[in-house]
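Participant: pasting the sequence and the predicted model now:
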Amino acid sequence: GENVEQHPSTLSVQEGDSAVIKCTYSDSASNYFPWYKQELGKGPQLIIDIRSNVGEKKDQRIAVTLNKTAKHFSLHITETQPEDSAVYFCAASGYTPNDMRFGAGTRLTVKP
Amino acid sequence: DTAVSQTPKYLVTQMGNDKSIKCEQNLGHDTMYWYKQDSKKFLKIMFSYNNKELIINETVPNRFSPKSPDKAHLNLHINSLELGDSAVYFCASSLEAGRGYTFGSGTRLTVV
């Protein structure tokens, strides 16, 4: 089955700096790669996703890049703000409902 | 108007008891899921349910059983609760199986 590794487990940046979180996956059949943000006491919220036919996707301050050959994808947050502080999860899935696998999460802290 | 709602938000119960967690989605999604998040924040799929097809993660004990009275509801029933069942349980739904999940806010289950 799919195995998703996520790094780093914790990340602390100054407000205004950029943050990068990286994930690798093992199953070459994976074709969908979402990123979720989980704030304290809440459920994970989808913030951006990318499909395997695209190499990069951007939404305002958030961007995701995908390298299918190397089987890794990354989340980039620019101009970070304190409200970006949360736990971020990457995930990868193929064609069946139960094969979505999540990374272990990255706790991002943005210091004002 | 909450998209995916779970009740209760908190559940404290004794070992050996049977309990249920309810989940309802008003998004018109076709697939619903249950995830377990442990104390280290790791998210693990338990079940997915799509058009009366139930897919069970093989590692889930048979004390856990999902029940879907209709497409908008997927409840989780747990028999003979054990200390190790303590975790946060998340319900989620998606329009397309394995894509773009919307999570509920979670149910924190504590078994004492």
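Facilitator: Structure received.
Participant: all contacts plus neighbour counts: C-alpha atoms, from now on.
Facilitator: Will do.
Participant: and the pLDDT for the closest residue to residue B:29 other than its chain neighbours?
Facilitator: Nearest residue to residue B:29, sequence neighbours excluded (Cα to Cα, 6 or more residues apart in numbering or on different chains): residue B:95, at 4.3 Å. With respect to pLDDT, residue B:95 scores 89.
Participant: next: residue B:89.
Facilitator: Reading off the confidence values, residue B:89 has pLDDT 98.
Participant: contact partners for it?
Facilitator: By Cα atoms under 8 Å, 6 or more residues apart in numbering or on different chains, the residues touching residue B:89 are B:34, B:35, B:36, B:37, B:106, B:107, B:108, B:109.
Participant: among the residues you listed, name the ones in helices.
Facilitator: Counting by DSSP state H, these place none of their members in helices.
Participant: reformat those residues as TSV; add pLDDT, neighbour count and distance to chain A.
Facilitator: Putting the contacts of residue B:89 into TSV (pLDDT from 0 to 100; neighbours: other Cα atoms under 10 Å in any protein chain shown; distance: Cα to the nearest Cα, whole Å) gives the following:
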residue	pLDDT	neighbour count	distance to chain A
B:34	95	23	10
B:35	95	19	11
B:36	95	22	11
B:37	96	17	10
B:106	97	28	6
B:107	98	24	10
B:108	97	19	9
B:109	98	20	13
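Participant: on that earlier part again, from what I see, the residue nearest to residue B:29 and residue B:33 are in contact.
Facilitator: No - using Cα atoms under 8 Å, residue B:95 makes no contact with residue B:33, being 11.7 Å away.
Participant: what does chain A put close to chain B?
Facilitator: Proximity of chain A to chain B is assessed by Cα under 8 Å from any Cα of the partner chain, with A:32, A:34, A:41-46, A:49, A:93-105 identified as the residues in range.
Participant: for residue B:65, list each beta-bridge partner.
Facilitator: Here residue B:65 sits in beta bridges with residue B:77, going by DSSP bridges.
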